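1. I would like the atomic coordinates for the input below:
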Amino acid sequence: MNRTLVGMGLKLDDVGGARQIGELDQSQILADLRDAGVPSRQRVWLDMQGFNSFDRVLVVRDNRSGKYVGALLVQNQTAGKTPFLVIEALSGGPVQRDEALLKRMLAYLILRLETWEERPLAILARTRNPSLCRVLRRVSRGIQDASFYPEPDGSVISMRTAALAHRIARQAGPDHRFAEARLALHTASADASPDRPMVAVLDLRFVNEAALTEEGRHLFRDRLPRSATKRPMAEVLMLPGAGGNGDIPALPAHIAAQAIRSAPVSPASRR
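-> Residues are numbered from 1 along each chain as shown. Now for the predicted structure:
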């Protein structure tokens, strides 16, 4: 399946399934991405591993030259009863265009979530591409009832999203660095690709499926999402096991972080 990215002069190819992914000309894709300015730290692990460990690959080509300019790699995983996606992005070039392309690829992925047999309840970016963390946060602010971790401000956090983020990050791999993702959210440098992957999470557990699809459609068409002015989840700190609806006054970030490490996760937060 392919889609034209209107206004960008690009075409997106959606490739799913082991056989179809195996038929991709991976060496040509990687060579084109290198020529497009994708930093070597983003590509080095893929040069060795290839695309075959992923369940879905979104690749973007220039309409005129046919050369590949970006890719979003998707892997299905489960932590307990929580299905989630692990994503990595390969992109480069001027920051503004780079992040516009990543936003369109993420929007397309969100649109396709309704086709999953079991809808993923979270998206975990495990990446050496700082732009992916920034765009994932920007997308989260346009989806009603979604939340993001780690919030860069560090003043308040959503405890149930933080607990989920640490749980699925451990499932995805041993090397998960939320601190570097928080740092990436404070800078727009395209040269800040870290040596080890940074991790950020979009929590979709409490998002209405129809509303999610609608917001994905608005994002893909590059329109302002209707819920962009919603109150950020980070304004409310949710403590697992708290009475009522779980709202308590916000705590300083260093106290909240300690609570995440020491407090057990309540059954309600595992839904």
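
2. State the mean pLDDT of the longest strand along the chain.
-> Longest strand in the chain, counting residues (DSSP state E): strand 68-79. For strand 68-79, the mean pLDDT works out to 94.

3. Which neighbouring elements make contact with that strand?
-> helix 26-35, strand 56-62, strand 82-90, helix 95-112, helix 159-172 (3 or more CB pairs under 8 Å, 6 or more residues apart in numbering; DSSP states H and E). Backbone N, C-alpha and C define where each C-beta goes, glycine included.

4. and Leu219, which of these is closest to it?
-> helix 95-112 (3.5 Å; CB to CB).

5. follow-up on the earlier one: where among the helices and strands packed on strand 68-79 is average confidence lowest?
-> helix 159-172 (a mean of 88).

6. Any buried residues in that helix, and which?
-> Residues of helix 159-172 classed as buried: 159-169, 171-172 (neighbour count, 16 or more other CB atoms under 10 Å).

7. Compute the inter-axis angle for it and strand 82-90.
-> In terms of direction (axes from the mean of the first three to the mean of the last three CA atoms, to 10 degrees), helix 159-172 departs from strand 82-90 by 70 degrees.

8. The chain should start at 387 in everything you say after this.
-> Noted, 387 is the first residue going forward, which turns the last one into helix 545-558.

9. what packs against helix 545-558?
-> Contact partners of helix 545-558 among helices and strands, from 3+ CB pairs under 8 Å, 6+ apart: strand 454-465, strand 468-476, strand 508-513, strand 533-535, helix 564-570, strand 584-589, strand 623-624, helix 639-648.

10. Specify the angle between it and strand 508-513 in degrees.
-> Calculated by the same axes, to 10 degrees, helix 545-558 forms an angle of 60 degrees with strand 508-513.
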